[in-house]
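Visitor: no FASTA, just this:
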């Protein structure tokens, strides 16, 4: 099988995948499920690789994984990362939430705000509440182990056994947090090779926990370095795949691309030795990287076998689910880009997703679309959690797989339920997503873009780095833009002849909606629509550079129909783009269960009211009347030491106190939910903001600058009116809502502040005018 697939350069067509699924429906068999019951919670083993593609053949060279998981389980052919770069994707996996709802937008991620807020409700936290003993080993978030996140002594919530890698993927010369203590490693293959280290630690954990009495279920998650650069492979793979080449798909070395975003217009064709990797100047860089990647994945393949053998030896194979995926996809020469990810194209956003376990169909490919957001809800469903946590944007696949005949019966929480009323409401009756949000916030720039090899900074250990063989200088591939000391060809991801010099320019900032038989836009069967938020285009309907591909007709995304004059001038196409732009904004503003199939964003004017006797800052409001959220003294002088910000309080809803009480619930220039005052003759709108982007209870909420169309996202601006709980909810600060300060607060506390949503009561809307859908 592997020999055949190595020579195959074409992706499976959707028609071929449908044949696989139809055949499976006739011949479907299931893994024995007799051991699954409420008294024996299943074990979970989840292996997450790094930068592994789904479209370019890397999964097919993992023969053990093919035999043990692919042929014995379910393969998702339409599985995606919401953000095709390491750290945001990993944070999304841990929390089940979109990048825009957790504030993790780049590889310099997972800071103190994430640690103090969203991370506390990660998948391991909930597993702990269900009685699981958990293990994490490998790459976590790119800045794990830094001073900003508590150093190696910090262990994220829920993990009982912890072997977190400090910084980004390495195979040798790394530091790992061995349950809170720094453990440094060198360059001995036998003692230090990181993939084998993780295999040894995880197998030992399974053996130890699995033999304890009474037995407790275990949850193992492993973040391997493979197949991330530098792709240091094990010595025993030295002569494997010597004749391998990156697949020559129709978009391989297809450049420049004048109909794509600005970065792609400046890419010139690769040549042999240009760019070069590891001084291998006698071959295309993408081919040598492909060889190294496939070699490193052989060690992961052996790890899969060892974990499988350990579980089998315990007699737990029929009570264990195995999951396999990657944080993001990868390209190898596609569109002239020698290697990397972070583009909105299929090679970068599609990732492997394999699932094997009791009660699941075997040797089946399903075209059901899904995202990394769905991993945490699905894992928790398998563990028996009765419903997806309210803040999670993803949903469990299990009821959908059951509805589609891919399980032998209800699994997980549904199997434990005594009636259908207890099943996961997000996916009841097999309802599932037909649209996916893909978003990338562009590069992060900062100090330390260039350093000598012997003065490598902590930030460089977290970033995407490479070494200039001529000078020995380390380059941060994410932060080349604008660096005066950067050599002209500092980026080695594409040809030196390219007029594009930055590896990841700021114009590569986008949001896309990927559609599969969309339930909202009937014309969309298999397509993708993207907006590049930092590339104005006056001729486009949205005023932004847009790309639209019909992937049935153009699977390799060669023809951007948004720039095709034979198509884009028709009324039908303009109506299509208008509908897609609306769907994109619906997804960009979604949070929680609504993200499965978000309704169009509704813009409306309202008053946010609360009984005056329930507040301590009602100003001159009558004692027994409603008081409304207002700016203090209108929108006059700014708050001291905070220009452009205005204090909030409660005042009469009729405006008799001169305060501004009317608010517009809408989306900002980037499509995120925001709540703003109205513009007036002497002021521009001001938006709800969390002071200093800190999410602790009692943190002041004020009215401050709104999102500008060209600025970085103002994360603390993200608020929505949650009609389900009748509260103004922050979509940045998990579980936090806007409330009046408690009467018990000490003097000097802010009048309006964050409070846990569970404690916020009494708010309601008073509509100012007719609610209308966003155009």
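Guide: All right, it came through fine. All figures in this text were calculated on a predicted structure; none of them were measured in a lab.
Visitor: would you list every one of the strands in the stretch 101-250 of the chain?
Guide: Counting by DSSP state E, counting those that start in this stretch, the segments of the stretch 101-250 of the chain that form strands are 133-138, 161-165, 175-178, 181-184, 218-223.
Visitor: So what are the sheet partners of the second one and their directions?
Guide: I take that to be strand 161-165. strand 133-138 (parallel), strand 175-178 (antiparallel) (DSSP bridges).
Visitor: And the ones you listed: which comes nearest residue 768?
Guide: Closest approach to residue 768 among the strands paired with strand 161-165 is made by strand 133-138 (49.4 Å; C-beta to C-beta). For glycine as for every other residue, the C-beta is placed from the backbone atoms N, C-alpha and C.
Visitor: Residues contacting stretch 202-216, please?
Guide: Around stretch 202-216, the neighbours that count as contacts under C-beta atoms under 8 Å, 6 or more residues apart in numbering are 43, 45, 131-133, 135, 137, 161, 218, 220, 222, 303, 306-307, 310-311, 313-314, 316.
Visitor: Go ahead and confirm residue 384 touches residue 130.
Guide: Yes. Between residue 384 and residue 130 there is a contact at 6.1 Å, judged by C-beta atoms under 8 Å.
Visitor: Tell me which of these two has more neighbours.
Guide: Using other C-beta atoms under 10 Å, the more surrounded residue of residue 384 and residue 130 is residue 384, with 20 against 13.
Visitor: so what's the more buried one up against?
Guide: Per C-beta under 8 Å, 6+ apart, neighbours of residue 384: 38, 41, 130, 412-413, 416.
Visitor: Determine which stretch of the strands of the stretch 101-250 of the chain is the most buried.
Guide: A comparison of the strands of the stretch 101-250 of the chain by mean neighbour count, using mean count of other C-beta atoms under 10 Å, puts strand 218-223 on top with a mean of 25.
Visitor: Following element in sequence after that one, please.
Guide: Next along the chain after strand 218-223, taking DSSP states H and E as the criterion, comes helix 262-265.
Visitor: re the thing from before, and the contacts of residue 384, which are buried?
Guide: 41, 412-413, 416 (16 or more other C-beta atoms under 10 Å).
Visitor: And the longest helix belonging to the chain, what's buried?
Guide: Ranked by residue count under DSSP state H, the longest helix found in the chain is helix 285-313. The neighbour-count check on helix 285-313 (16+ other C-beta under 10 Å) flags 285-304, 306-308, 310-311 as buried.
Visitor: which secondary structure elements does that helix contact?
Guide: strand 43-49, helix 63-65, helix 194-210, strand 320-326 (3 or more C-beta pairs under 8 Å, 6 or more residues apart in numbering; DSSP states H and E).
Visitor: on that earlier part again, just put the strands of the stretch 101-250 of the chain in JSON lines and tack on distance to residue 97.
Guide: Formatted as JSON lines, those follow (distance: least, C-beta to C-beta, whole Å):
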{"stretch": "strand 133-138", "distance to residue 97": "19"}
{"stretch": "strand 161-165", "distance to residue 97": "21"}
{"stretch": "strand 175-178", "distance to residue 97": "24"}
{"stretch": "strand 181-184", "distance to residue 97": "30"}
{"stretch": "strand 218-223", "distance to residue 97": "17"}
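Visitor: and the gap between residue 663 and residue 646?
Guide: 13 Å (C-beta to C-beta, to the nearest Å).
Visitor: More neighbours: which of those two?
Guide: Set residue 663 next to residue 646 and count neighbours by other C-beta under 10 Å: residue 663 wins out with 28 against 23.
Visitor: Wait, the more buried one touches residue 608, no?
Guide: Yes. In this structure, residue 663 is within contact of residue 608 by C-beta under 8 Å, at 6.3 Å.
Visitor: Mutual contacts of those two, please.
Guide: residue 629.
Visitor: Quick one: closest of the helices and strands packed on helix 285-313 to residue 345.
Guide: strand 320-326 (16.0 Å).
Visitor: how about the strands of the stretch 101-250 of the chain in a markdown table, adding mean pLDDT and distance to residue 192?
Guide: Listed next are these as a markdown table, based on pLDDT from 0 to 100; distance: least, C-beta to C-beta, whole Å:
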| stretch | mean pLDDT | distance to residue 192 |
| --- | --- | --- |
| strand 133-138 | 98 | 14 |
| strand 161-165 | 97 | 13 |
| strand 175-178 | 97 | 10 |
| strand 181-184 | 97 | 9 |
| strand 218-223 | 98 | 17 |
